[in-house]
Each structure stands twice: as structure tokens, then as C-alpha cells.
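Visitor: sequence below, structure please.
(chains A and B)
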Amino acid sequence: MTLLSIEGLRTVFRTDQGEVTAVDGVDLSVARGKTLGIVGESGCGKSVLSLSVMRLVAPPGRIAAGRVMFDGRDLLALSAAEMRALRGNRIGMIFQEPMTSLNPVFTVGAQLSEAIRAHDRRASAAELRKRAIAALDRVRIPAAARRVDDYPHQMSGGMRQRVMIAMALACGPDLVIADEPTTALDVTVQAQILDLLRELQQQSGMAIILITHDLGVVAEMADEVAVMYAGRVVERAAGAAVFDDPQHPYTIGLLGSIPRIEERRDRLLAIEGAVPAPFALPRGCRFHPRCAFAGADCTEAQPPLLEVAPAHQAACIHAPVEAFAG
Amino acid sequence: MRAPLLEVENLSRHYAVRRGLLIPKRVGTVRAVDGVSFSLERGETLALVGESGCGKSTTARLVLRLVEPTTGTIHFQGEDITSMQGEPLRKLRRRMQIVFQDPFASLNPRMTVGAILEEPLIVHDLGDAARRRARVAELLGLVGLAPFHAQRYPHEFSGGQRQRIGIARALAVEPALIVCDEPVSALDVSIQAQVVNLLEDLQRRLGLSYLFIAHDLAVVKHVADRVAVMYLGQIVEIAPKDTLFADPRHPYTRTLLAAIPRPDPHRERNEPVAGGDVPSPMAPPDGCRFHTRCPFVVERCRREAPALLPVASGHLSACHLNDMA
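Guide: Predicted coordinates:
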């Protein structure tokens, strides 16, 4: 059952160079108990997309078009107060930087209590503390009853990220948006945090939107994968299809450019060039200047996201690429 | 047989931890690097890998003589450089250079790219103004940029291009050794591949040796000839690349390899990942430093520190389990 569906979302920023479109006509959805992975490189719009869903885009940015349907209601049509009641309560958010997302002058217990109290005004101090300890316990922080009085600087990066997860989950959300939740962490700690997120999802049936640049993290976590480039979703597929049978030249390029532990490659297949600046987007398909398959027709119009196989869409006029290459 | 390009023996760097504002008192010691030995051949790439705080960057800075060693010796091109000073040290700098992690912080925003690349030539008094200008153009070509880029400022370039400029600066004085300190970890994946390919091309063309510091084992698998794995200031395993990835002997190496997320949704993790965090280097555990997180820990590990011993040709591992195998 679909919990969240994003329809035609467009988020723009006013800049000195004119209006810039950071997210341009994105359609995505996620069901209860499932994980949607959004991958892309810096500047592809994946973080702005998640902030748009939370309605946290600040001026000079604004959401210019689209709908965000959450459990039957359009989040973009809610009043500020209604949105505040949902945020942190039914929709939780985990940010990348566990070092800067916690307030250094309050104990983690005080910060957790604040998050819980924001949605439950009647809870007593003793009950808040009990719930804060329970929240830390859920994310496997050893000796939670003692660590609840720690300040953030007394904890390691991995512990702090567990606190952030505890805070996002404290009110039992239906949806958690995790923006690069493990990027700042060492690999062994990253593995622990990913395992924890998976386990908590199985227990609670929450949906997760996982935003990352790491194709490995997506492969481990996601039930559905969306690849973004220059503000648009260029490929979207359920299960392993994006990895087994990528159809958009950008996805193919990304998979070719990463070094792999399991295979030997003499040379990495780099994608030439760089991501275009948002105020100087190429005409037609935004990937065409870097695309090995590009032809004259690629400059004409932006290719729509079309079905290339069941539950597999790509925004390329040459997809499926096998047919084109053959 | 010629001596290796670089030979490091029992190298340590300890930092005093002081507390108190008026009369600081020494309250402890951080053993950032603690008894590290390795060598690097000409034309070879040795990777130092490990998680944050393992001492890999300090080791690199010790080799470059940017940090003074507490104990140990460093031989470079057959010469003991451990306590070299003054003019000889300045001359030594020409033979070893560094590429930094952050291409945004490591280039002076007020200098043009041409001035940045010319600076090392001026410092080492190489060529007159016309020769230096020609060299700058040549360097830009070497890293895939164009001569007209010399007039531009760093902010006009993307992250990948800036890293190319950092590499060109390191190449300016024709060094034998380049320390690459996480040279691609700040870059997007599609750009990482461009820079990795460039480093490999330059090595082949110019016969460079790299000491390659990284935390990303997939990148290391691609670029290194040999790999040294560090944990809490010590090397726990060192081996030729293919051996290390195919037959890792130290439990820490195995957990590191297991923990890396693979871009393959069909993969099942076949090895448990160590729990917990890296202990503080101010109070490293007794015995084997990894024993607090090791899934194979036995009583002896808590008491006695294992030595780094050969388990196969060119393959050393510091683990008591190797005795039992």
C-alpha cells in the first residue's frame, strides 16, 4: 500500500543568475515497510527533494508545483501548524552530520525529551526520561540509562548517529527520510547502522526514503531504486534491476565508474565531463553532453520517464539500450 | 639489489595530552603511530588503509618529515632522513610531494592556477621565468587541463578539476614519491574514476611511487600493488593486493572487507562485522588492540600483543590465530 507519493514535484531557487530549478518534475512513491533508495551525485537535487517532502525548503527556495500525498493528504496543502504536527511525529528525518545535528550544550536525553514533548505535551518529566531511555535502548546504545545524561561530545560518531536515529524514531513514525545517514561514518560503523535501520524497519513496518551517493548502500538497503541527475529522475526500478540491467546511460556510466572489490578492472570507465551547473542546463536531455550514446535527437526535448520493462522506467529516447546498440 | 625507495622502521609518533589552563599537566599520551615498519619500491603503490584515527595520515606526514617522529628511522633513496635539517631537508622536499584530500581547502583562492603551479618551481629555483611558464603549460597538459587555465582562479573549477591542479602542483618539481592522502574521497564517483585513471596514467608515464592513504578499500583494490591495514596506530596486516583481498588473515581486515557495501543486491554478507567502536588511542586495549571487537578473541589476545609475522611470502599478519592455523 502506497504511503507517500510525490507527483510532479518542482522546487526552484531564486538566484542572481535567475530562477534555478533544483528538482524538476519528480514522481516517486514508497509503500509501508519498504525502502526507496534515491541515488545521485552532488547537485542532482536529492537533498532538496527530501527537504521539499518535509516542507523545509527555505527562501529563496520554494516549491513551485506538484503534490506530495502522504497517507491520503497533500502535505503541500497543509497549514504550517498541521505540517508541524506531522514532522518529527509521523515523518522522521535523519541527517548526514551526527556532529552538527545535535546541540552540544544539552544532554542527549534532554534533546530526545524535547522531540517527544513536542508531540505529547502532557507527558511528565519522569515519563519523558523513561521514553528517552527506551528510545536509546531501541537503537542498541549500551547502558542507555547512564548514557542518557551524556553530552554529544562524550559520544563517538556512531553513537551520535544512533541518537539521531533514536530521535527520528522516538514518536513511532510511518516514514523516515534518511539523508546520507552513514556517509560521515567509518565502514564498520556504517554496517552496524544499516543493520540497525533494517531491523527497526522490520519491527515497526515504517517506510524509509534513503538518500545516498553510495551505490553499495542502496544495493544493500533498497526495495526500489531511483537514480537522479540534474534535478530529474532518469531511471527507476524495483528490486535489483537497476544493478542487473541498467537502462539509462548515466546509470550505466555510474556503475562502470566505481571500482569493485570482487572484480579486476584494468581501467575505470569514467564518465567524462562534470555535472552541469543548474543555471546552465543543456537543452534536451540533460545528460547528453556526457553521454556515449547521444545523437542529434537527444538535444531536442527532455525525454520522459517511460516503461522499458515491467516495474522499470528510464528517461532515455534510446532505451532499452540493447535494442539501440543492436 | 638496490635499496627500496622508502624504508620505514619502527616509526612512532606520540602526542602528550595536557589539561589545565595555567599550569598544564600531562595527563596521558596518544600513540597516534606506534611502531610501524614498511618499505616502498620504485614505481610501486603502497596503500595505507584503516578507519579514522588509525594513524594512516600521521604516518604519511612522518614520512614527509612534516611531523617529527618520536622513535624510528626513515630511509629515502638509501639515505637516512630521520633527523635531516636545514638545506638538505629543503632539498629533500623536492623529491617527495603530497596531494591533499580536500581540493577546496588545499589551493589558495587568491592565486591564479598558474601562480599556484609556479610556486614550487620558484621555491626550488628551477628555471627562469620563461622556462617556468612553459613548465606550467606542460603540467596543465599532463593532468588533462589546457594552458589557458593558468590565468583562472581555483573557484572557477569543479572539484575534479581542482584535484587535477593539486596533482599538477605535486608533479611540478618532478618528485620520486607522491603521498596521496585520500585524493579521491571528496569527489563524486564519476569524477573519482577520472582522477584514479589520471593517477595511474601518470605513474606509468613518469615512473612515480605512491604512498596512497585511503579508507575506501574498493579504490585501494584498484590502485595499489601492496596494502597495509592499520588499526590504532599499528599495521595489523600487510600483503600484496591480490593476496590481501583473496586471503585476508587478520580478523580486522576481514571485518573491514565484510563491512563494505557492495553495489550488488544479490550479495549476502558471509562474515560477521565487528561490533562497537574503535577504542580511544589514549587508552588502547592491552594485548592485541583489536581484541575488544574481535569475534575470534581468546584469552591470550587480552594479555599478549601479537607481533607482525610472515604467514606467506610477502604477507605479514599480527594475530595469535596465525600460530594455531
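Visitor: would you list every one of the strands in the chain?
Guide: All of this is about chain A. A:2-15, A:18-31, A:35-39, A:61-70, A:73-74, A:91-94, A:175-179, A:207-212, A:224-229, A:232-238, A:306-309, A:312-314 (DSSP state E).
Visitor: the intended chain is chain B.
Guide: Using DSSP E, strands in chain B cover B:6-19, B:25-40, B:45-49, B:71-76, B:79-80, B:96-99, B:177-181, B:209-214, B:226-231, B:234-240, B:309-312, B:315-317.
Visitor: out of the ones you listed, the one nearest residue B:128 is which?
Guide: Smallest distance to residue B:128 across those (C-beta to C-beta): 22.3 Å, for strand B:96-99. Using the backbone N, CA and C atoms, a C-beta is placed for each residue, glycine as well.
Visitor: what lines up beside the closest one in the sheet?
Guide: strand B:177-181 (parallel) (DSSP bridges).
Visitor: got a list of contacts for the strand it pairs with?
Guide: Strand B:177-181 is contacted by residues B:5-6, B:40, B:57, B:60, B:63-64, B:76, B:95-101, B:170-171, B:199, B:208-213 when judged by C-beta atoms under 8 Å, 6 or more residues apart in numbering or on different chains.
Visitor: residue 198: neighbour count?
Guide: Since no chain was named, I'll use chain A. 14 (other C-beta atoms under 10 Å in any protein chain shown).
Visitor: hmm, no, I was thinking of chain B.
Guide: Going by other C-beta under 10 Å, the residues that sit close to residue B:198 add up to 19.
Visitor: one step back: mind putting the strands of chain B into TSV with mean neighbour count?
Guide: Formatted as TSV, these follow (neighbours: other C-beta atoms under 10 Å in any protein chain shown):
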stretch	mean neighbour count
strand B:6-19	16
strand B:25-40	18
strand B:45-49	25
strand B:71-76	18
strand B:79-80	12
strand B:96-99	24
strand B:177-181	23
strand B:209-214	25
strand B:226-231	24
strand B:234-240	24
strand B:309-312	13
strand B:315-317	21
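Visitor: need the ones you listed in a markdown table with mean pLDDT, can you?
Guide: Output for the strands of chain B, formatted as a markdown table (pLDDT from 0 to 100):
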| stretch | mean pLDDT |
| --- | --- |
| strand B:6-19 | 93 |
| strand B:25-40 | 92 |
| strand B:45-49 | 96 |
| strand B:71-76 | 96 |
| strand B:79-80 | 95 |
| strand B:96-99 | 96 |
| strand B:177-181 | 96 |
| strand B:209-214 | 96 |
| strand B:226-231 | 97 |
| strand B:234-240 | 97 |
| strand B:309-312 | 94 |
| strand B:315-317 | 96 |
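Visitor: ok, back up a step: possible to save the strands of chain A as JSON lines with distance to chain B?
Guide: Listed next are these as JSON lines, based on distance: least, C-beta to the nearest C-beta, whole Å:
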{"stretch": "strand A:2-15", "distance to chain B": "16"}
{"stretch": "strand A:18-31", "distance to chain B": "17"}
{"stretch": "strand A:35-39", "distance to chain B": "10"}
{"stretch": "strand A:61-70", "distance to chain B": "22"}
{"stretch": "strand A:73-74", "distance to chain B": "33"}
{"stretch": "strand A:91-94", "distance to chain B": "17"}
{"stretch": "strand A:175-179", "distance to chain B": "14"}
{"stretch": "strand A:207-212", "distance to chain B": "9"}
{"stretch": "strand A:224-229", "distance to chain B": "9"}
{"stretch": "strand A:232-238", "distance to chain B": "11"}
{"stretch": "strand A:306-309", "distance to chain B": "16"}
{"stretch": "strand A:312-314", "distance to chain B": "14"}
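Visitor: now those as JSON lines including distance to residue B:148 and mean neighbour count?
Guide: Shown next, in JSON lines, are the strands of chain A (distance: least, C-beta to C-beta, whole Å; neighbours: other C-beta atoms under 10 Å in any protein chain shown):
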{"stretch": "strand A:2-15", "distance to residue B:148": "27", "mean neighbour count": "18"}
{"stretch": "strand A:18-31", "distance to residue B:148": "27", "mean neighbour count": "19"}
{"stretch": "strand A:35-39", "distance to residue B:148": "35", "mean neighbour count": "26"}
{"stretch": "strand A:61-70", "distance to residue B:148": "35", "mean neighbour count": "17"}
{"stretch": "strand A:73-74", "distance to residue B:148": "52", "mean neighbour count": "12"}
{"stretch": "strand A:91-94", "distance to residue B:148": "45", "mean neighbour count": "25"}
{"stretch": "strand A:175-179", "distance to residue B:148": "39", "mean neighbour count": "24"}
{"stretch": "strand A:207-212", "distance to residue B:148": "37", "mean neighbour count": "25"}
{"stretch": "strand A:224-229", "distance to residue B:148": "29", "mean neighbour count": "26"}
{"stretch": "strand A:232-238", "distance to residue B:148": "33", "mean neighbour count": "24"}
{"stretch": "strand A:306-309", "distance to residue B:148": "42", "mean neighbour count": "14"}
{"stretch": "strand A:312-314", "distance to residue B:148": "38", "mean neighbour count": "22"}
